[in-house]
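coords please:
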Amino acid sequence: MEYYDQYLFPYTYFYNITYVNSGISKKFELRCNHSNFPHLIGLHYAANCRYGEKNPRTRRFKGFLGYSNVKNGTIDKQTISDLHKRSYKDLKRKMKYFFLAHQVLADPTAIEFNKLNCDILIYKDFFGKRIHIGLKTTRNKAVPITFLVEDLTDLTFTQEPQSITVHKVLKRNKLKISKALLDKLKGRS
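Coordinates of the predicted model:
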């Protein structure tokens, strides 16, 4: 939780990409909000497996409420383990490598990815693992919605060739971005 609050939440990432097949370029900004945290790490899966996706009891594992419940200790490892053992095992694997998320965001390889409710999958290799972050994009905005870890010897998600070229990634503190810088990044200078 401290990692998310210190290394992801305070920053906005500005991306300039080109889709290789079509040649279309796109600029977008990505923000890691508190409400994205539970979905990003898959916190809600254990509750969905136990109660069903539409059950009101899953609400406390999602969005800002899920974030707050983890932060205040209402939801912990034991809570997830008690709900669904397999989800806990998956979450544990993700958390082992989650400290690398900011490095993936800062210097990724990218592919188009129309699975798991994502549009773009960015990734980077570390320690014999491929760390993925799935992005959902709308116009010029993106949010991270899934975090995946694969062994480099058993790749499932990124077997297809690179279909997006990432030209530039700028990382700025949300609280220190000036209007002039925003205009420059958006091409209005």
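
Could you look up the SS state of the closest residue to Phe113 other than its chain neighbours?
Leaving aside its chain neighbours, Phe113 sits nearest to Leu121 (3.6 Å; criterion: Cβ to Cβ, 6 or more residues apart in numbering). To be clear about C-beta, it is placed using only N, CA and C from the backbone, and glycine gets the same treatment. For Leu121, the assignment made with DSSP: H, G, I helix; E, B strand; the rest coil gives strand.

ok, Leu121 - how many residues close by?
25 (other Cβ atoms under 10 Å).

With Lys85 instead?
Lys85: 12 neighbours (other Cβ under 10 Å).

got the contact list for the residue nearest to Phe113?
Leu121 makes contacts with Ala110, Ile111, Glu112, Phe113, His132, Ile133, Gly134, Leu135, Phe157, Thr158, as judged by Cβ atoms under 8 Å, 6 or more residues apart in numbering.

With Phe64 instead?
Going by Cβ under 8 Å, 6+ apart, the list of residues near Phe64 reads His34, Ser35.

Can you name the next helix or strand after the helix or strand containing it?
In the assignment (DSSP states H and E), Phe64 maps to helix 63-71. As assigned by DSSP H and E, the chain's next helix or strand after helix 63-71 is helix 77-83.

Hmm, Asn173 is touching Pro10, no?
Yes: here Asn173 reaches Pro10: they are 5.6 Å apart, a contact under Cβ atoms under 8 Å.

in this protein, which segments are predicted with low confidence?
Scanning the chain for pLDDT under 70 picks out the ranges 158-162, 175-189.

Looking at Asn173 and Pro10, which has the bigger crowd around it?
Pro10 (15 against 9).

so the more buried one touches Lys174, yeah?
Yes: counting by Cβ under 8 Å, Lys174 is a contact partner of Pro10 at 5.8 Å.

Show me the contact partners of the longest helix seen in the chain.
Ranked by residue count and defined by DSSP state H, the top helix of the chain is helix 85-97. Helix 85-97 is contacted by residues 41-43, 45-46, 49, 77, 80-81, 126-127, 129, 131, 147-149 when judged by Cβ under 8 Å, 6+ apart.

redo that, cut-off 10 Å
Helix 85-97 is contacted by residues 3, 40-50, 77-82, 84, 98, 101, 104, 126-127, 129-131, 146-149 when judged by Cβ atoms under 10 Å, 6 or more residues apart in numbering.
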